[in-house]
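*Asks:* build me a structure from this.
(2 chains)
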Amino acid sequence: MRRLGDLALKVYVALVLAVLYIPLFAMAAASFNHGRSLLRWEGLSLEWYLRALTNDRILTALLNSFWVASAVSLLAVGLALLAAISVDKLSSRIRTSLHNIFYLSIIVPEIAEALTLAVFFISVNAPLGSATVVLGHLVWFPLVYVVLRARMAGLPPTYEEAARVLGASGFRTFFHVTLPLLGPGIVTGGLLIFTWSWDSFIKTQFTRGPGFETLPVYIWNAVGGRGRGLSPEVNAVATLSIIVSIVLAVLYSRYRSRL
Amino acid sequence: MKNEVILQSVSKSYDRIQAVRDVSLNIGGNEFFSILGPSGCGKTTLLRLVAGLESPDSGVISIGDRVVNNLPPHKREVGLVFQGTALFPHMNVFENIAFGLRMRSYPKGEIRERVMEVLRMMNMPPEIFAHKRVDQLSGGERQRVEIARSLVFEPRVLLLDEPLGPLDLKIRQKMQQELKRIQRMVGTTFIYVTHDQTEALIMSDRIAVMNRGEVLQVGTPEEIYSSPANKFVADFIGESNLIEGEVGEDGLFHIDGLPPIMVSDMDKNSGVRGRAFLCIRPEKISIYAEAEHDNSVSGIVLDKSYVGTHVVYRVEVGDRYVFTVYSNTSSRSFRLGERISLGWRSSDGVLVKG
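*Replies:* The predicted structure is shown next:
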């Protein structure tokens, strides 16, 4: 009976994984297919990768995605650090309400946030473009904040106190002790918001200016604009994008275990 | 003796709880000074006040002729060894010990020399330990590194907050000897906070006993043990028999249901009038089959336990008091229920106020 149960569990897990990952593998496989068809294998080829990586529009989109995600990560880490350190000076009531507001931005549906952001930018006459995209993504900074606070909760105050008594000023205590100890939290939080920014389509689409494409936006335009389904070129970029995401996820879980 | 740390009427409260109440202490140079008290008595707060991690509500704290009330911790030149372990986990042993020197901008070569020297002083060969990670050290080793880290920049005072708390009994006893050796060697003033009265008695030159934020008595271990200032000190330090009674006009101590008791050495007991407690240490009482001695009371053996070095008797006296008596293992043994007499010299009893 027990063995049967074990078997059923294994089959179930295999099915779940299959449903999750087969489409990704299919797409990745198609990106190496010589022909245009998703269904008929016509031989191995790197043709679509070559085409994608010589396509200026794709390269620009890749670059945009990368610098937007990098800028968002750096700024968000900075904001979250400042918030996480200064929040202890507030009374616990204000701190709790602040936390609630922060957490809201993580759970609000992206579409609602995107729409509000677009309305906001238009109403204050902010020219839509790359800056508005970065600002829009920055609304996710509580992601980093949450990770940092979790890390801080696990650090006893004795480290900072020891540093003070050993002769470090408040400033040097922060750079020699607090910051290095928060290191794993900074890396995980940064990676987390990087992947969110890298993957963002809805928010980017609503807050971008004309002509500014990130990778997800390019893929959408390439598919929707031509109305003839996926180009194998898109498969190739999408596969690259997935590889980036997976690498980041692996890094994330590796640092996460150090928390 | 020059006073290294002076506290004058220092008070500190959190919210509405008074953690330290009007404490005045003079702690001399090169002294091993313990602050002893139950948990929550304010001893850790006192230490944090000296370190500068808390600031007093009132009173003056000076370290080496300098008032430090408004000096931040990093300018006080004190070392602080924490309860748990506060070694920086992102630095190895060498870097941890070098931290204080680096913050004081010592040249690289001197930092190296000093770290190696202090490691050797701790009986930790630098070639084995200097590059170990903190998590590769045992509890005792961590504690020694923490002490080394606080001693290496030659602070005026070393503050220790129950540093041996988390260690096993055996390592604890070894570390007690180590600490005494180190203190004698460096000659720095040590202020040692503990709730363990045995530890305080063994290690200290002087002890301050604290309860509820107040210092109740300051003295050498012997003074504190043999002439406790009040009932709390008598009860907290070592074991004692405390019996309530009244000092009579006749100069004798009257306890309900017992014959009047002689208490000599009125120096110790001067000023005690009216209701008071008689304190007699269990090892000062002898058991006899017949009455002897200045003071004697008769009782019945309730309980008897052999603890190796001596035998502990619990004796019921006058139907309502239970005396604890330590008896030599070589002296005559008494049976449970046996009628016996307890006797002690009048100079062995001390009167204390409640």
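
*Asks:* the bottom helix or strand of the chain by mean pLDDT?
*Replies:* The chain I'm using is chain A. Lowest by mean pLDDT, DSSP states H and E among the helices and strands of chain A is helix A:215-226, with a mean of 78.

*Asks:* could you do chain B instead?
*Replies:* For chain B, counting by mean pLDDT, DSSP H and E, that's helix B:266-269 with a mean of 52.

*Asks:* what is the helix or strand just after that one packed up against?
*Replies:* Per DSSP states H and E, the first helix or strand lying C-terminal to helix B:266-269 is strand B:274-280. If contacts are counted by 3 or more Cβ pairs under 8 Å, 6 or more residues apart in numbering or on different chains; DSSP states H and E, strand B:274-280 sits against helix B:231-236, strand B:241-247, strand B:350-352. In short, each C-beta sits where N, CA and C put it, glycine included.

*Asks:* send over the longest one as PDB, restricted to the C-alpha atoms.
*Replies:* This file holds the C-alpha atoms of strand B:241-247, laid out as PDB (Å, rounded to 0.1, in the frame of the first residue of the first chain):
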ATOM      1  CA  ASN B 241      20.100  29.700  58.300                       C
ATOM      2  CA  LEU B 242      18.000  32.800  58.700                       C
ATOM      3  CA  ILE B 243      15.700  33.000  61.700                       C
ATOM      4  CA  GLU B 244      13.600  36.000  62.500                       C
ATOM      5  CA  GLY B 245      13.500  37.400  66.000                       C
ATOM      6  CA  GLU B 246      14.000  40.500  68.100                       C
ATOM      7  CA  VAL B 247      17.000  42.100  69.800                       C
END
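
*Asks:* what does chain A put close to chain B?
*Replies:* Proximity of chain A to chain B, by Cβ under 8 Å from any Cβ of the partner chain, involves residues A:156, A:158-159, A:161-170, A:172, A:176-177, A:180-181, A:183.

*Asks:* are any of those residues buried, and which?
*Replies:* Buried by 16 or more other Cβ atoms under 10 Å in any protein chain shown: A:158-159, A:161-168, A:176-177, A:181, out of those.

*Asks:* and those residues, which of them are in helices?
*Replies:* Of these, the ones assigned to helices by DSSP state H are A:158-159, A:161-165, A:181.

*Asks:* pull the most distant pair out of the buried ones among the residues of chain A next to chain B.
*Replies:* A:Gly167 and A:Leu181 (18.1 Å; Cβ to Cβ).

*Asks:* if we can go back for a sec, so for chain A, which of the helices and strands packed on strand B:274-280 sits nearest?
*Replies:* For chain A, the closest of these is helix B:231-236, at 27.4 Å, according to Cβ to the nearest Cβ.

*Asks:* by contact count, what packs against the closest one?
*Replies:* Contact partners of helix B:231-236 among helices and strands, from 3+ Cβ pairs under 8 Å, 6+ apart: strand B:206-211, strand B:214-219, strand B:241-247, strand B:274-280, strand B:350-352.

*Asks:* buried residues, the host helix or strand of A:Arg254. List them.
*Replies:* According to DSSP H and E, A:Arg254 maps onto helix A:232-256. With burial defined by 16+ other Cβ under 10 Å, the residues of helix A:232-256 counted as buried are A:232-241, A:244, A:248, A:251-252, A:255.

*Asks:* hang on, the earlier thing: pick the most buried one from the helices and strands packed on strand B:274-280.
*Replies:* strand B:350-352 (a mean of 22; mean count of other Cβ atoms under 10 Å in any protein chain shown).

*Asks:* just checking, what packs against it?
*Replies:* Using 3+ Cβ pairs under 8 Å, 6+ apart: strand B:350-352 touches helix B:231-236, helix B:266-269, strand B:274-280.

*Asks:* pull the distance from it to the chain's centre.
*Replies:* Centroid displacement of strand B:350-352 relative to its chain, using Cα atoms, centre = their mean, to the nearest Å, is 21 Å.

*Asks:* outside of it, which residues touch it?
*Replies:* Here strand B:350-352 makes contact (Cβ atoms under 8 Å, 6 or more residues apart in numbering or on different chains) with B:226-231, B:233-234, B:242, B:247, B:253, B:263, B:268-269, B:272, B:276-280.

*Asks:* thinking again about what came up before, possible to save the ones in helices among the buried ones among the residues of chain A next to chain B as CSV with pLDDT?
*Replies:* Putting those into CSV (pLDDT from 0 to 100) gives the following:
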residue, pLDDT
A:Thr158, 89
A:Tyr159, 92
A:Glu161, 91
A:Ala162, 92
A:Ala163, 93
A:Arg164, 92
A:Val165, 92
A:Leu181, 90
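
*Asks:* from these, which is closest to B:Val68?
*Replies:* The closest of those, once distances to B:Val68 are taken by Cβ to Cβ, is A:Val165, at 12.4 Å.

*Asks:* isn't the closest one up against B:Leu80?
*Replies:* Yes - if you go by Cβ atoms under 8 Å, A:Val165 and B:Leu80 touch, sitting 4.3 Å apart.

*Asks:* quick check: neighbours shared by those two?
*Replies:* In contact with both A:Val165 and B:Leu80: B:51, B:53, B:150, using Cβ under 8 Å, 6+ apart.

*Asks:* next, count neighbours for the last one.
*Replies:* A count of nearby residues for B:Ser150, using other Cβ atoms under 10 Å in any protein chain shown, gives 26.

*Asks:* please name the bridge partners of the nearest residue to it once chain neighbours are set aside.
*Replies:* Distances taken as Cβ to Cβ, 6 or more residues apart in numbering or on different chains place B:Gly79 nearest to B:Ser150, at 2.9 Å, with adjacent residues excluded. Residues in a beta bridge with B:Gly79, per DSSP bridges, are B:Leu158.

*Asks:* give me the neighbour count for B:Gly79.
*Replies:* The burial count for B:Gly79: 28, using other Cβ under 10 Å.

*Asks:* what pLDDT is listed against B:Phe82?
*Replies:* B:Phe82 carries a pLDDT value of 83.

*Asks:* touching, it and B:Gly165? I think so.
*Replies:* No - with contact defined as Cβ under 8 Å, B:Phe82 does not count as touching B:Gly165 (9.8 Å).

*Asks:* more neighbours: those two, which one.
*Replies:* Between B:Phe82 and B:Gly165, counted using other Cβ under 10 Å, the more crowded position is B:Phe82 (23 against 16).

*Asks:* who are the contact partners of A:Leu138?
*Replies:* Contacts of A:Leu138 by Cβ under 8 Å, 6+ apart are A:72, A:75-76, A:79.

*Asks:* okay if I get those residues as JSON lines plus pLDDT and secondary structure?
*Replies:* Output for the contacts of A:Leu138, formatted as JSON lines (pLDDT from 0 to 100; DSSP: H, G, I helix; E, B strand; the rest coil):
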{"residue": "A:Val72", "pLDDT": "95", "secondary structure": "helix"}
{"residue": "A:Leu75", "pLDDT": "96", "secondary structure": "helix"}
{"residue": "A:Ala76", "pLDDT": "95", "secondary structure": "helix"}
{"residue": "A:Leu79", "pLDDT": "94", "secondary structure": "helix"}
